[in-house]
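**Student:** what shape does this take:
(one chain, ligands or ions: 1)
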Amino acid sequence: MNLSSIKAWVFDLDNTLYEPEEDIFSQIDKKMTSFISNHFNINNDEAFDIQKDYFLRYGTTLAGLMDDKNSIVDPDEFLTYVHDIDLKSLKPNPQLNESIENLLGPKFIFTNGTKSHAENVLKKLGLESVFKSIFDIKSAQYIPKPNIETYNLFFKTMDVDPKTAIMFEDMGRNLIPAKELGMTTVLIKREIPNQDNIFQDKKYSDIWDQDIPADYTIDDLAKFLNNN
Ligand SMILES: [Mg+2]
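**Tutor:** Numbering: from 1, shown residues only. Have a look, this model is predicted:
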């Protein structure tokens, strides 16, 4: 593996810079279900189906809510509500932090979440001064990954050449446009630990099981960075 041509390092945040075992994104997921349940005055099962339908069709639940004619949603109200979670289980991973700090060239966060959520997570991980910039869902004008126009906006805003940039993601579908635009791609594929994890539902399993053409498929980010 030779990453010597890489000049910019682009990281997804949730379930990429920390393990899904940390039970952080699953909290956001549950808050999205309860937001929809309250918003439409429906039960949790119905809300969950709407949530996943939006997620699959639009990239994020919020993008679906914003497009739904029957739903007037203030995006900031939604984002504040779903990111109000408990981060106390997050701890720095010294080996990972060191390997990210040692990468030559600017490092970026490219997330479908908010900047303040990213800042809170990075602080808990001890990575708050490592990244040059955070490109969040507001920077993306609420158009989430994997919409290709958002990648182009990211490259333009951050002055990054995709051909010499690498992207790290836990969600395969978000690497498809990255690859198309010339990035080197790394899929972090980990087992989802929680038995009750909603993504184990057969209906939604293709979110994770996509056989996407990533340049590297790994299960340990620190190990990968240390070996390159
Ligand atoms: Mg992620």
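
**Student:** what's near enough to touch the closest residue to residue 27 other than its chain neighbours?
**Tutor:** Counting by C-beta to C-beta, 6 or more residues apart in numbering, the nearest residue to residue 27 once its immediate chain neighbours are dropped is residue 85, at 4.1 Å. C-beta coordinates here come from the backbone N, C-alpha and C atoms, glycine included. For residue 85, the set of contacting residues under the criterion of C-beta atoms under 8 Å, 6 or more residues apart in numbering consists of 24, 27, 28, 31.

**Student:** show the model's pLDDT score for the last one.
**Tutor:** At residue 31, the model reports a pLDDT of 95.

**Student:** do the same with the third one
**Tutor:** In the prediction, the pLDDT value recorded for residue 28 is 92.

**Student:** please apply the same query to residue 21.
**Tutor:** Confidence at residue 21, expressed as pLDDT, is 77.

**Student:** ditto for the one 4 residues further on
**Tutor:** In this prediction, residue 25 carries a pLDDT score of 86.

**Student:** let me know the closest of the contacts of residue 85 to residue 177.
**Tutor:** In terms of C-beta to C-beta, no member of these lies closer to residue 177 than residue 28, at 22.8 Å.

**Student:** can I assume the closest one sits in a strand?
**Tutor:** No: secondary structure of residue 28, determined by DSSP: H, G, I helix; E, B strand; the rest coil: helix, with no strand assignment.

**Student:** number of residues surrounding it?
**Tutor:** Other residues near residue 28 come to 17 when the count uses other C-beta atoms under 10 Å.

**Student:** and it, how close does it get to residue 223?
**Tutor:** With distances taken as C-beta to C-beta, to the nearest Å, residue 28 is found 27 Å from residue 223.

**Student:** now the helices for the chain?
**Tutor:** Read by DSSP state H, the chain holds these helices, from start to end of the chain: 25-40, 44-58, 61-67, 75-82, 94-101, 115-125, 148-158, 176-180, 206-209, 221-226.

**Student:** between the contacts of residue 85, which has the most around it?
**Tutor:** residue 24 (22 neighbours).

**Student:** I'd say it and residue 89 touch.
**Tutor:** Yes: because the distance of 7.2 Å satisfies C-beta atoms under 8 Å, residue 24 is recorded as touching residue 89.

**Student:** the ion contacts on this structure?
**Tutor:** Within the chain, the positions lying close to the ion (C-beta under 5 Å from the ion) are 12, 14, 15, 16, 170.

**Student:** what's the most buried one of the helices of the chain?
**Tutor:** When those are scored by mean count of other C-beta atoms under 10 Å, the highest mean neighbour count falls to helix 61-67 (a mean of 20).

**Student:** lowest mean pLDDT across the helices of the chain, which one is that?
**Tutor:** Across the helices of the chain, helix 206-209 has the smallest mean pLDDT, namely a mean of 56.

**Student:** thinking again about what came up before, hey, what's in contact with both of residue 24 and residue 89?
**Tutor:** When contacts are counted by C-beta under 8 Å, 6+ apart, residue 24 and residue 89 are jointly contacted by no residue.

**Student:** what's the spacing between stretch 73-84 and its chain's center?
**Tutor:** Relative to its parent chain, stretch 73-84 has a centroid offset of 17 Å by C-alpha atoms, centre = their mean, to the nearest Å.

**Student:** what of stretch 52-68?
**Tutor:** Distance of stretch 52-68 from the chain centroid (C-alpha atoms, centre = their mean) equals 15 Å.

**Student:** span of stretch 170-189 from start to end?
**Tutor:** Criterion C-alpha to C-alpha, to the nearest Å; first-to-last residue distance in stretch 170-189 is 6 Å.
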